[in-house]
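Asks: got a structure for you, letters missing:
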């Protein structure tokens, strides 16, 4: 993942702290039931360089998902962004995971980037048909419109979301800078719209775009995408801040937390997500199962 990548030498000089807590979050989370559920994972399972680290030595590629699903209970399924898979393939994946495992597919590129959400009825129907095959393994859908879609395209984005089934969870990530120029860090009209329609916000924590780490929630669930920098020391201090913030949200009534780990070099995602879980269990009283790493390099 190259989005938001900055030179290593700039990391220490960059303000990587999370934004102050928006006042609106407490009133939103107050509606939650608490007893937060956690769905934690990575963005892909097909990493050959995880053999001997996350997967046992000698693991065959056909068994990657099976072993991944023993370590984590969800995945931010970016594979759908690059290709629309048929329902038959989805069913084969479902056969390999435990009953409580969730797939969180990303809308395909043809819908969000090539057509920019216009005239996509046929493509969306095919996408929904495919992901319906996940059954109870279907988690939230991750919608990321083209980065060039700013506030002028609000009606297009709203019309697209309005046409989606209401029983499918949708979380929205926007990358155009226009959405984050409000003094509170997030466009007020969009925030109100998402609250009204019970659609969630994606918070992507990446070093090179601190504006999109907006910290606004619009439902009693959070969807966090954390992008690390090859186990640089700042990765750990950033994780520590997230542990504290999620702990606050848990006390306020957070129902569900989806937390997905990325790295600019995905090789290192397992180590950092293990650290995140360790700190959550230690500081927030959770009992999230730890992934078993067969090798773990020393920390920087």
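Replies: Alright, I've got the coordinates. Quick caveat: nothing in here was measured; it's all calculated off a predicted structure.
Asks: Point out where this structure drops to low pLDDT.
Replies: For the chain, the stretches with pLDDT under 70 are 1, 296-300.
Asks: Tell me which residue lies nearest the centroid of it.
Replies: residue 225 (4.0 Å; C-alpha atoms, centre = their mean).
Asks: Quick check: that one is in a strand.
Replies: Yes - the assignment for residue 225 is a strand, going by DSSP: H, G, I helix; E, B strand; the rest coil.
Asks: Spatially, what comes nearest to it if we skip its sequence neighbours?
Replies: residue 204 (4.3 Å; C-beta to C-beta, 6 or more residues apart in numbering). No exception for glycine: its C-beta is placed from N, CA and C like everyone else's.
Asks: Same check on residue 197?
Replies: Leaving aside its chain neighbours, residue 197 sits nearest to residue 161 (6.7 Å; criterion: C-beta to C-beta, 6+ apart).
Asks: Check residue 213 too.
Replies: residue 205 (5.0 Å).
Asks: ok, the one you found - how many residues close by?
Replies: 22 (other C-beta atoms under 10 Å).
Asks: Show the contacting residues for it.
Replies: Contacts were defined as C-beta atoms under 8 Å, 6 or more residues apart in numbering; by that measure residue 205 touches 18, 213, 224, 225, 226, 227, 238, 242.
Asks: Would you mind putting those into TSV with distance to residue 108 alongside?
Replies: Listed next are the contacts of residue 205 as TSV, based on distance: C-beta to C-beta, whole Å:
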residue	distance to residue 108
18	31
213	26
224	22
225	18
226	24
227	21
238	30
242	29
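Asks: now, which of those residues sits nearest residue 90?
Replies: Checking those against residue 90 with C-beta to C-beta, the nearest one is residue 225 at 22.5 Å.
Asks: ok, the spatially closest residue to residue 187 that is not a sequence neighbour to residue 260 distance?
Replies: Leaving aside its chain neighbours, residue 187 sits nearest to residue 179 (4.9 Å; criterion: C-beta to C-beta, 6+ apart). The spacing between residue 179 and residue 260, counted by C-beta to C-beta, to the nearest Å, is 21 Å.
Asks: And those two? Which one has more around it.
Replies: Taking neighbours as other C-beta under 10 Å, residue 179 and residue 260 compare with residue 260 leading, 26 against 23.
Asks: how about the lengthiest helix in the chain: buried residues?
Replies: Looking across the chain with DSSP state H, the single longest helix is helix 233-252. Going by neighbour count (16 or more other C-beta atoms under 10 Å), the buried part of helix 233-252 is 234-236, 238-239, 242-243, 245-247, 249-250, 252.
Asks: if we can go back for a sec, how is the residue nearest to residue 187 assigned, secondary-structure-wise?
Replies: State at residue 179, reduced to three classes by three-state DSSP: helix.
Asks: That one is in contact with residue 185, isn't it?
Replies: No - judged on C-beta atoms under 8 Å, residue 179 makes no contact with residue 185 at a distance of 9.5 Å.
Asks: tell me which element the nearest residue to residue 265 once chain neighbours are set aside falls in.
Replies: For residue 265, ignoring the flanking residues on the chain, the nearest one in space by C-beta to C-beta, 6+ apart is residue 230 at 5.4 Å. Assigned by DSSP states H and E, residue 230 falls within no helix or strand.
Asks: Test my guess that residue 230 contacts residue 268.
Replies: Yes - with contact defined as C-beta under 8 Å, residue 230 counts as touching residue 268 (5.4 Å).
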